[in-house]
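S.K.: Here is my input, please return the structure:
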Amino acid sequence: MTFGIVGMVAFNLVDTYFVGRLGTKELTALSFTFPIVLLINSLAMGLGMGASAVISRAIGEGDQHKVQRLTTDSLVLAVLFVAFFVVIGLLTIDPTFRLLGASPEILVLIKQYMSIWYIGGIFVVVPMVGNNAIRATGDTKTPSAIMLIAVTLNFIMDPLLIFGIGPFPKLGLAGAAITTVIARAVTFVVALYVLYFRDKMLTLAFPKLKVVYDSWKRILYIGVPTALTRIIVPLGIGVITRIISSYSSEAVAGYGVAIRIEFFSITVIRALASVIGPFVGQNWGARKYERIDQGIAKSRNFSLIWGLGVYAVLALVARPIASIFNDNAMVVSTTTLFLRIVPLGYGFFGITILSFSALNVLNKPLHAGLLSIMQMILFIALALLGSYLLGMTGVFVASAAAYCIAGIGSYFVLRIVVNAIKKSGETTKCSVT
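M.R.: Numbering: from 1, shown residues only. Next up is the predicted model:
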């Protein structure tokens, strides 16, 4: 799973590196697109996690027909989701990015990228849901391999279409968007092939509308709150982008680079959060409550240790890493400042996403949703206060503080839920006996 998420994050890092070679304006434009792209990806991932939760429980129950129905219906729902957001996205490019603080000059570059990215949205979103269905079986290797194929294609094609090497035209930011769509289209085809031919998790039988509705209701019951918890990060990035845009466009470029490095740095924790869902779901379906408790405890401890290690490394090498992507002094200083402050909260951020993943699968999506809303309010309030008191440094200190507070709160909520489920399960066993 780690390799798969490394592939997904490397996808963004590759784009950032090559676009950074075009110039600071292009890098700034790409940085403005990141919160919106991540928002749609997070919503899609929420849908995928909802599908994974109900599919993993069906697998734990040994009901193959239910597995096929839920998997098929989740992909149909994903297609409808894409159609809706593609239309909305294309119609709102100008007002959305003006709201984020993009200047008219940068907005022209943003349109080059997003108009293509939106059109290829089906190839970005549907494989996310499909890969989550594959992970629900306990197979994390195949989705990872699919993502590594995509990042390899992206790495090869990015310089060809961005810079116009050989017979290829020089397309700049549009080239980066086209490469993304092509690479994701490959993941689309491979994911469907694996689901249908290898795992036999799809069915072509036409169901009654009530059956489809029931599937969607079960998926969305988990998926909507999960999506709400996952969009906290892109919404937070959007707010911070807007605040930082008041300093300079170069600062936005530096922040965009830092965020991509952040995603790479916490890859292992994100991988753990992705697999804790199927792990908890299958063990809950099999009534192995003690394993749920042990898995959560080990994941929590690992997250804290990993976060501390990442902070130590990034604090030492922040400036050299920042210089790889762009040589503009403001870009490098912004990235460096971020990497020497925000990673202090990474271990607690890991606990937050681990807790949210487990709560959703334990059929407590409203708990996770409420926690995510509280986290967002806290994050925005601290960021605005930090900006007012300490400038950009205060914004980054606020980010680290919000990570820590949210991590502690979400952990205690998860412990209460798990203890209640264990107690309920033991009571049920006694009554049956």
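
S.K.: Now do the host helix or strand of residue 250: which elements does it pack against?
M.R.: Take DSSP states H and E as the rule and residue 250 turns out to sit in helix 249-265. Other helices and strands packing on helix 249-265, by 3 or more C-beta pairs under 8 Å, 6 or more residues apart in numbering; DSSP states H and E, are helix 2-22, helix 24-61, helix 232-245, helix 289-325, helix 329-339. (Glycine included, C-beta is placed from N, CA and C.)

S.K.: Following element in sequence after that helix, please.
M.R.: Under the assignment DSSP H and E, the closest C-terminal helix or strand after helix 249-265 is helix 267-285.

S.K.: Now do that following helix, average pLDDT.
M.R.: Per-residue pLDDT values across helix 267-285 average out to 82.

S.K.: mind saving the C-alpha coords of that helix as PDB?
M.R.: C-alpha atoms of helix 267-285 as PDB (Å, rounded to 0.1, in the frame of the first residue of the first chain):
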ATOM      1  CA  THR A 267       3.000   8.300   2.600                       C
ATOM      2  CA  VAL A 268       3.500   5.500   5.100                       C
ATOM      3  CA  ILE A 269       0.900   6.800   7.500                       C
ATOM      4  CA  ARG A 270      -1.600   7.300   4.700                       C
ATOM      5  CA  ALA A 271      -1.000   3.800   3.600                       C
ATOM      6  CA  LEU A 272      -1.700   2.600   7.100                       C
ATOM      7  CA  ALA A 273      -4.900   4.600   7.200                       C
ATOM      8  CA  SER A 274      -6.000   3.100   3.900                       C
ATOM      9  CA  VAL A 275      -5.600  -0.500   5.100                       C
ATOM     10  CA  ILE A 276      -6.900  -0.100   8.600                       C
ATOM     11  CA  GLY A 277     -10.400   0.300   7.100                       C
ATOM     12  CA  PRO A 278     -10.600  -3.200   5.400                       C
ATOM     13  CA  PHE A 279      -8.700  -4.700   8.400                       C
ATOM     14  CA  VAL A 280     -11.300  -3.300  10.900                       C
ATOM     15  CA  GLY A 281     -14.200  -4.100   8.600                       C
ATOM     16  CA  GLN A 282     -13.200  -7.800   8.000                       C
ATOM     17  CA  ASN A 283     -12.500  -8.400  11.700                       C
ATOM     18  CA  TRP A 284     -15.700  -6.700  12.700                       C
ATOM     19  CA  GLY A 285     -17.600  -8.900  10.300                       C
END
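
S.K.: Compute the inter-axis angle for it and helix 24-61.
M.R.: On the basis of axes from the mean of the first three to the mean of the last three C-alpha atoms, to 10 degrees, helix 267-285 is oriented at 20 degrees to helix 24-61.

S.K.: so how far is helix 267-285 off the chain centroid?
M.R.: Centroid separation for helix 267-285 versus its chain: 15 Å, with C-alpha atoms, centre = their mean, to the nearest Å.

S.K.: So which elements touch it?
M.R.: By 3+ C-beta pairs under 8 Å, 6+ apart, helix 267-285 packs against helix 2-22, helix 24-61, helix 121-135, helix 289-325, helix 346-361.

S.K.: These into a markdown table, with extra columns for mean neighbour count?
M.R.: Listed next are these as a markdown table, based on neighbours: other C-beta atoms under 10 Å:
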| stretch | mean neighbour count |
| --- | --- |
| helix 2-22 | 21 |
| helix 24-61 | 25 |
| helix 121-135 | 25 |
| helix 289-325 | 17 |
| helix 346-361 | 28 |
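
S.K.: quick check: longest helix of this protein.
M.R.: When the chain is parsed with DSSP state H, its longest helix is helix 392-432.

S.K.: for it, packing partners?
M.R.: When contacts are defined as 3+ C-beta pairs under 8 Å, 6+ apart, helix 392-432 sits against helix 232-245, helix 289-325, helix 329-339, helix 346-361, helix 365-390.

S.K.: and the angle for the second one with helix 267-285?
M.R.: With the same axes, to 10 degrees applied, the angle from helix 289-325 to helix 267-285 works out at 160 degrees.

S.K.: So which elements touch the host helix or strand of residue 190?
M.R.: For residue 190, the host element (DSSP H and E) is helix 173-193. Secondary-structure packing of helix 173-193 (3+ C-beta pairs under 8 Å, 6+ apart): helix 2-22, helix 24-61, helix 104-119, helix 121-135, helix 141-163.

S.K.: pLDDT averaged over it, what's the number?
M.R.: In this model, helix 173-193 has a mean pLDDT of 90.

S.K.: How about stretch 327-341?
M.R.: 93.

S.K.: neighbouring contacts of that stretch?
M.R.: Residues from elsewhere that reach stretch 327-341 (C-beta atoms under 8 Å, 6 or more residues apart in numbering): 24, 27, 244, 248, 250-251, 253-255, 257-258, 261-262, 314-315, 318-319, 321-323, 325-326, 392-393, 396-397, 399-400.

S.K.: cool, stretch 411-430 as well?
M.R.: Contacts of stretch 411-430 (C-beta under 8 Å, 6+ apart): 284, 287, 289-290, 292-293, 296, 300, 351, 355, 358-359, 362, 364, 367, 371.

S.K.: Now do the strand or helix carrying residue 76 and helix 104-119, the angle between them.
M.R.: Counting by DSSP H and E, the element that carries residue 76 is helix 64-91. Interaxial angle of helix 64-91 relative to helix 104-119 (the same axes, to 10 degrees): 150 degrees.
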